[in-house]
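*Asks:* the sequence isn't on hand, but the structure is:
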């Protein structure tokens, strides 16, 4: 069995189980074992056919299993049982590089988003099968405390993209301005949530998430209003696949002029994000306040990477990818 030395959620050192903060955020104050009573083979084999895919998507080949808490343990939910958690073991697709590291990658990236940048994320952590393999666990934010499921729509639905009209890879269609337009049309306090959305796009670029497609952004109804949902499915996909800088085929927006850096290198720089931010209705001062946070790797990011459940080699690669993205980002446009 794996020996736990850091909190398998918050990644704090000196814990052999979930830290008090993690227990509160992830399990509503209940002490839960990080060890599952079943092995990885009991999740079942993935039936997703990946060979026919035009582009490789980590999330697109990763099985998700509904789960509940039962007497201090996490277990897979039974049929017709309301799940309150989602379990994501490593994908079965063996063409993915270091696929068994994907749960630890997602936990780390989600924690960096939350702890370093203050991005609202789904509560998450790791648990471990009886044969020691990490499994990502996330709390369902669409299930309210009274057990009612809150209405929720992803932006593929909100912008009108689907397989029938846009093909098999519909979730990669369009650009990020399409999401911004739909957000403005559906959220009363859109200016606040537009900044949240903008920072998510910037974060995904800097932290190598090339799979931030239409279905990875959603609106959730809280009371009478729709709001941008907490962030989910954040991971450094560049650790596992050779993908694009951005998850949507149309990039940031066709309505902004590309910087000369973008034209010359094929990679957007800060100037492009500045233009995108103002294009979607964010004041220039607010745009720059967000972008200033991504000009270097914060020390807290390095601490979280070091405390993560990635292998030492993957930790170094993770930081190298982020460093390379920041170098692209800070290039000066003529």
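*Replies:* Ah, there it is. If you're wondering where the values come from, they're calculated on a predicted model, not measured in any experiment. Residues are numbered from 1 along each chain as shown.

*Asks:* what's the helix or strand for residue 75?
*Replies:* Residue 75 is located in strand 73-76, with elements delineated by DSSP states H and E.

*Asks:* would you indicate which residues of that strand are buried?
*Replies:* 74-76 (16 or more other CB atoms under 10 Å). Placement of C-beta: from N, CA and C, glycine included.

*Asks:* of those, which is the nearest to residue 144?
*Replies:* For those, the closest approach to residue 144 (CB to CB) belongs to residue 74, at 20.2 Å.

*Asks:* separation between that closest one and residue 18?
*Replies:* 11 Å (CB to CB, to the nearest Å).

*Asks:* now the common contact residues for those two.
*Replies:* Residues touching both residue 74 and residue 18 by CB atoms under 8 Å, 6 or more residues apart in numbering: residue 32.

*Asks:* by contact count, what packs against the worst-scoring helix or strand of the chain on mean pLDDT?
*Replies:* In the chain, the helix or strand scored least confidently by mean pLDDT, DSSP states H and E is helix 163-166, which has a mean of 86. Applying 3 or more CB pairs under 8 Å, 6 or more residues apart in numbering; DSSP states H and E, one finds that helix 163-166 contacts no other helix or strand.

*Asks:* show me where pLDDT drops low in the stretch 51-200 of the chain?
*Replies:* Applying pLDDT under 70 to the stretch 51-200 of the chain flags residues 51-61.

*Asks:* that one: helices as residue ranges?
*Replies:* Ranges of helices within the stretch 51-200 of the chain are 102-111, 117, 155-159, 163-166, 176-186, 190-206, based on DSSP state H, counting those that start in this stretch.

*Asks:* what's the most buried one of the ones you listed?
*Replies:* Of all those, helix 102-111 has the most neighbours on average by mean count of other CB atoms under 10 Å, namely a mean of 26.

*Asks:* check which helices and strands it sits against.
*Replies:* Applying 3+ CB pairs under 8 Å, 6+ apart, one finds that helix 102-111 contacts strand 124-128, strand 134-139, helix 299-307, helix 312-329.

*Asks:* name the residues that touch the last one?
*Replies:* Think helix 312-329. 98, 101, 104-105, 108, 205-208, 236, 238-239, 265, 267-270, 273, 294-297, 301-302, 305-306, 308, 310.

*Asks:* just the buried residues of those.
*Replies:* Among the contacts of helix 312-329, those buried by neighbour count (16+ other CB under 10 Å) are 98, 101, 104-105, 108, 205-208, 236, 238-239, 267-270, 273, 294, 297, 301, 305, 308, 310.

*Asks:* what helix or strand is residue 287 on?
*Replies:* Secondary structure assignment for residue 287, by DSSP H and E: helix 284-291.

*Asks:* now that helix against helix 190-206, angle please.
*Replies:* Calculated by axes from the mean of the first three to the mean of the last three CA atoms, to 10 degrees, helix 284-291 forms an angle of 40 degrees with helix 190-206.

*Asks:* for helix 284-291, which helices and strands make contact with it?
*Replies:* helix 190-206, helix 270-279.

*Asks:* ok, residue 91 touching residue 64?
*Replies:* No - counting by CB atoms under 8 Å, residue 64 is not a contact partner of residue 91; they are 10.7 Å apart.

*Asks:* of the two, who's got more company?
*Replies:* Between residue 91 and residue 64, counted using other CB atoms under 10 Å, the more crowded position is residue 91 (22 against 13).

*Asks:* average pLDDT for stretch 250-268?
*Replies:* For stretch 250-268, mean pLDDT rounds to 94.

*Asks:* and it, end to end?
*Replies:* Start and end residues of stretch 250-268 are separated by 13 Å (CA to CA, to the nearest Å).

*Asks:* so what touches stretch 212-219?
*Replies:* For stretch 212-219, the external contacting residues (CB under 8 Å, 6+ apart) are 57, 59, 152-156, 158-159, 161, 170-174, 178-179, 183, 186-187, 197, 200-201, 204, 226-229, 232-233, 246-248.

*Asks:* ends of it, how far apart?
*Replies:* End-to-end for stretch 212-219, by CA to CA: 15 Å.

*Asks:* how far away from the center of its chain is it?
*Replies:* From the chain centre to the centre of stretch 212-219 is a distance of 10 Å (CA atoms, centre = their mean, to the nearest Å).

*Asks:* cool, and stretch 146-158?
*Replies:* Computed by CA atoms, centre = their mean, the chain-centroid distance of stretch 146-158 equals 17 Å.
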